[in-house]
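S.K.: What shape does this take:
(chains A and B)
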Amino acid sequence: MGRVLATGANQSDNGDPGRKWAVGGDLRRWIIEHLPSGSVLLLGGAASPFPLNAPDHTVVDMRHLASTADTAATVDHAWVNDALDPAKDPATVVQRVFQTIKPGGTLVVTVPFGLSRGVSDTPGFYLGSLRRLLEPLFEIAEPELIDGQIAVAGVRRQQPAGVPVFSLDPEETAFSGLDRRLNERLRLEALENVHAAARYAAAKTEVEGLQAELKTTKGDLVAVRRKLAMIRPLLAAPLAVVRGGRRLKRGAARRGRVAVTFMRGAGAPAQRATGQRVPAAAGKATAPPNWRETLVQDFNTWLRAARDAEGDEIVVMFSGTTFVQEHRGNRPIRLTNVYLRRKCPVFFNYYRSNYKQPLPEHPDELLFQSPIDATPELFDALLTADFGDKKKIFYASFPHELMVRHLTVAAMHGWVTVYDARDDWEEFAKVGMAKWYHPGYERYVASHADIATAVSRPLARKMSAIADREVHVVANALDTRFPQASRSTEPTWPPVIGYFGHLTDKWFDWPLVIAAAERYPGYTFELAGHQQPEMEYPPNIKLLGLVGHQDLADRSRTWSLALIPFKNGPLADSVDPIKVYEYLHLRLPVLATYFPQCREYPGTTITEGREEFLELLPRLVGTVVPEKETAEWLTHNTWERRVDRYSELADEVRARGRDGVMALLGAKW
Amino acid sequence: MSRPRIVFCYRYGLLGGVSAQLLNRYPYLSREFDVRIVYERDHGMVSRFPAGVASEARTPEAMETALRDARADITVVMDSPRFIDAWRAVGAPGKLVLEVHTTTANLVYLKHRDQFDGLSHIVTVSSYMERLLGEYGLSGLAPITIVPNCLDDRWRVPSSPVPLDGKPVVWVGKLDGHKRWRTAVDLVDQLSEAPDVTLLPIFVGGLTSPERELHAITTRLAGSKGLAHAVWWPKVEYDLMPSLYTSVGFNGGVHLSTTVNESFGMAVAESVIRGCPVVAPAVGALPELLPEAALYEPGDWKSAREKAHRAMVDPSFREELLSSADHLRTLTDPERAADIYREVVAQVLKTA
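M.R.: From the prediction side, this is the model:
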């Protein structure tokens, strides 16, 4: 019975076989065919090619191999598998194998062709070099290439015919260089593949994260829809709304898109105004497929209208809330309305949560409204457009990323830039709103704008500290078109206490209002607004839902006192509630929690603690606001005056030039 | 005989960089050649050329159509291998010239030399790049000619500087690791501690940077007293750059570069030509543009800081830093660049 003597380059000192790898397929068959039966020396890191328990072959421990004379010429045949290393004296290995095999025995050698195992500093074997190494000691047949290996079989000579030497001839040397370069390229490709796989894995993780976020957002959306369904029955559209809606519906239908709403705060305003049904899945409302083209066409039309407009200023209003609607009362919209009345064109950026929301329409051709997802594409053309000798003013109404990117670009093209801090966004972010907020952005915009303003003194002080610059207080104001009550005021008894605005518990102080209702059960508290929390209210709290301005004005004639009951804290510290101007316009005495900006407003009482608020409430019921002082104060606090103030500030910048290194941006006023 | 037609193909039609080179060369090359330009993506460059000269081809099919219709005698592909594929796909018309400007990872395409079959000539912008191309094994493929980047006339027209109450230190680049903006901000922050200089830091570039970089830079600027009055301008119009450098130089300021590598170093050359001294790392082609005194060893930030500070307080050192200005004016003369290009064209057209 023959023997297989197992050894290998990986064999450890204690004789364990070490790692072995199987030779498969064609090469294995070739080896079996070329190794006659008998004892076979297996040299190199591979498993036996023969089936287990093969009758002609046996695996034998290799510790006795060949290094000494007593083991010489004791083996019938040998298979040397990948054990010849050009860098480790392969000639000696061949000589040892020659000594170990009996004369006439068979040698099978398998080595990787060239550098096919990878790049190394030493050359690999090619057909010629292997032949030159073996032929002095073995009579060899023609080498074959199988599975990337050179396979050669030879018969041991009786006597050596020369000395084995490893060498490459010039042709092989040249080929080895090419081989190395090809291998290096393969290695780099493989490396690139690894990097690509890593990028793919990272992108996949990101996609999974986004999918999870989308799932959460969908959950939130379902919750919002449920709330919307609850408040919808409370919405009674006033006649004016329906009339306005009909008028705009015609325009919208003509242009294939949806007109603006006249309803304050309605959940799906556009559809309501046009009389369209709000689909059950409101979020599935879709904009026309070509909305982007429509937008660009409208923008170009607006550019032409803007150049020809009568007004001497042109305005970019980068707002972070809804599009311009008649009865939405936020600051950017109020300022915009004044500019439009002055025939000054306005580019109004508004926020929409996704591109499927229809584009709004507005009857004034000097107003162009751009959703925030489309604005970046229009900025270049907008900021560089020629508006003749119009004075250009650029409002950053919230410190969004786009303002960071484009504020100084606008400045470079002759726009006087304004950061108008209309709220303490940092505090809003802390209560889960203003998710876009980043403190670095706000500091950047506040410090890089030509003019910085804030709606209240506390907020101006904060911005001044953050940006280390002068920040002007430009408070909120009265919209002079806010309606008066259609009849004279007739406070009733028992008293009715009123409020209109947001009812969210993020800042509306519900515990305080409920405490007031419980302490004064004879009083009625009428609260107009939305987003109130779901809970049981005392019976003397009446939730009116969303109410139009004229209805509010009419209803307020029975009120004895108006409230602004917000939670005390840094968020409220910076607020200048627009409703205080509207209350005073309706000549309602005002009781408020802590709003330091309003401390010196006429007819307005600021309180700092719960007990103070509750004790003052009955004492203020039925008081009369000082007419002359209030009327005069309101005259000085209109949105028209605010726009005048901004024009003055901008003119000052144009007159004196920019400060410090900002002057290097040039001044093409 | 009609004028030879040359079609230049490049990825981005964005003012600055390679596109600015095309714009600068055009008036000179178009005197003798019928010059056409094809961008893969145009960002406002097409309209800067006379009507019909430049166009956009966004897809491989559009590129093929553009090259087929052009029937060019020479197609010059500038760092945009997709155009090579298109050129081959339409039957390899005329001669192919490769123009290499980039030093970044985009150079990887040069490893695939199979695509350069039939290449007639290679053009690059500096001796450094010529050596680099040699290391990529391209020197054996076709002759290499250096055509330095050039600057148009606006860089040679004087402008009135704006006086400032301090010494500006300006850094220009994208907000990425290649330009090392973080290192630049840190160095400037450290420079602001010098008691003898009122520093006015100016960072330029980064309009299209990812939002994470915007977060990072605005946070960094907000977080250090030394950077309290730093300005970051994500974009400065190219037309404004000459006067910006002039003002920085006039006010005793310095241009600090922290780049990893430069194939030419356009911003550096522009700055010096406008009288604004530069302190930069000795990388890429920058040693070909700047005197040794202006260079620091890459990674030797202490040296960078010291040289930048000295540039602001030592008039003789400033003079030394600006000593290469005349050389740079000559080097970047567009007429000269056009002359060299004409020779390349003649040589290419002569080959069989």
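S.K.: so which helix or strand takes in A:Ala553?
M.R.: A:Ala553 belongs to helix A:549-556 when elements are defined using DSSP states H and E.
S.K.: Return the distance of whichever helix or strand comes after that helix from the chain's centre.
M.R.: Per DSSP H and E, helix A:549-556 leads on to strand A:559-564 as the next helix or strand towards the C-terminus. From the chain centre to the centre of strand A:559-564 is a distance of 43 Å (Cα atoms, centre = their mean, to the nearest Å).
S.K.: hmm, who's touching stretch A:603-616?
M.R.: Here stretch A:603-616 makes contact (Cβ atoms under 8 Å, 6 or more residues apart in numbering or on different chains) with A:512, A:515-516, A:519, A:565, A:568, A:580, A:584, A:587-596, A:598-599, A:620, A:625-626, A:630. In this view, the C-beta of every residue, glycine as well, is placed from N, C-alpha and C.
S.K.: next one: the helix holding A:Ala553 to chain centre, how far?
M.R.: The chain centroid and the centroid of helix A:549-556 are separated by 42 Å under Cα atoms, centre = their mean.
S.K.: then it to CSV, C-alphas only?
M.R.: Presented in CSV, the C-alpha positions along helix A:549-556 are these (Å, rounded to 0.1, in the frame of the first residue of the first chain):
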residue,chain,number,x,y,z
HIS,A,549,-61.6,89.1,11.4
GLN,A,550,-64.9,90.9,10.9
ASP,A,551,-66.7,88.3,13.0
LEU,A,552,-64.1,88.8,15.7
ALA,A,553,-64.5,92.5,15.6
ASP,A,554,-68.3,92.2,15.9
ARG,A,555,-68.1,89.7,18.7
SER,A,556,-65.5,91.7,20.6
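S.K.: returning to that earlier point: now list the buried members of the contacts of stretch A:603-616.
M.R.: For those, a burial check counting by 16 or more other Cβ atoms under 10 Å in any protein chain shown picks out A:512, A:515-516, A:565, A:568, A:580, A:584, A:587-596, A:598, A:620, A:625, A:630.
S.K.: helices and strands of chain A: which one has the lowest mean pLDDT?
M.R.: Here the helix or strand of chain A ranked lowest by mean pLDDT, DSSP states H and E is helix A:269-273, holding a mean of 31.
S.K.: quick revisit: got the angle for the helix holding A:Ala553 vs strand A:559-564?
M.R.: Interaxial angle, helix A:549-556 versus strand A:559-564 (axes from the mean of the first three to the mean of the last three Cα atoms, to 10 degrees): 120 degrees.
S.K.: helices or strands next to helix A:549-556 in the packing?
M.R.: In terms of contacts (3 or more Cβ pairs under 8 Å, 6 or more residues apart in numbering or on different chains; DSSP states H and E), helix A:549-556 is packed against strand A:496-500, strand A:524-528.
S.K.: what is the rounded mean pLDDT of the last one?
M.R.: For strand A:524-528, the mean pLDDT works out to 97.
S.K.: Going along the chain from it, find the next helix or strand for me.
M.R.: strand A:541-545.
S.K.: Up against chain A, what does the stretch 51-200 of chain B have?
M.R.: B:108, B:111, B:137, B:162, B:164-165, B:168, B:200 (Cβ under 8 Å from any Cβ of the partner chain).
S.K.: Return the members of the residues you listed classed as buried.
M.R.: B:162, B:164, B:168, B:200.
S.K.: which residues of the stretch 1-150 of chain B fall in strands?
M.R.: Secondary structure of the stretch 1-150 of chain B, counting by DSSP state E, counting those that start in this stretch: strands at B:5-13, B:34-42, B:54-56, B:74-78, B:95-100, B:119-124, B:144-146.
S.K.: so what are the domain limits for the chain?
M.R.: Using chain A here. As assigned by automatic domain parsing, chain A contains the domains A:4-168, A:184-233, A:286-467, A:496-637.
S.K.: Chain B is the one I meant
M.R.: B:5-150+B:333-350, B:154-331.
S.K.: Look up how far A:Pro399 lies from the one residue in the stretch 151-300 of chain B that gets nearest to chain A.
M.R.: Minimum separation of the stretch 151-300 of chain B from chain A (Cβ to the nearest Cβ) falls at B:Thr218, amounting to 3.0 Å. According to Cβ to Cβ, to the nearest Å, B:Thr218 stands 9 Å off from A:Pro399.
S.K.: Could you tell me which residues touch both of those two?
M.R.: Joint contacts of B:Thr218 and A:Pro399 (Cβ under 8 Å, 6+ apart) are A:438, A:441, A:444.
S.K.: Just those residues: which are in strands?
M.R.: Among the shared contacts of B:Thr218 and A:Pro399, no member falls in strands (DSSP state E).
S.K.: Turn those residues into JSON lines, including neighbour count.
M.R.: Below are those laid out as JSON lines (neighbours: other Cβ atoms under 10 Å in any protein chain shown):
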{"residue": "A:His438", "neighbour count": "21"}
{"residue": "A:Tyr441", "neighbour count": "25"}
{"residue": "A:Tyr444", "neighbour count": "27"}
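S.K.: where are the low-confidence patches of the chain?
M.R.: Using chain A. A:1-24, A:45-72, A:116-121, A:223, A:226-289, A:326-328, A:487, A:489 (pLDDT under 70).
S.K.: hmm, I had chain B in mind actually
M.R.: B:1, B:104-106, B:352.
S.K.: Could you pull up the residues touching the closest residue to chain B within chain A?
M.R.: Across chain A, no residue is closer to chain B than A:Gly440, which sits at 3.0 Å (Cβ to the nearest Cβ). Counting by Cβ under 8 Å, 6+ apart, A:Gly440 touches B:214-215, B:217-222.
S.K.: and the two most separated of the residues of the stretch 51-200 of chain B next to chain A?
M.R.: B:Gly137 and B:Asp165 (54.6 Å; Cβ to Cβ).
S.K.: The host helix or strand of A:Ile314 pairs with which strands?
M.R.: A:Ile314 is part of strand A:313-318, with elements assigned from DSSP H and E. Neighbouring strands of strand A:313-318 in its sheet, by DSSP bridges, are strand A:346-350 (parallel), strand A:391-396 (parallel).
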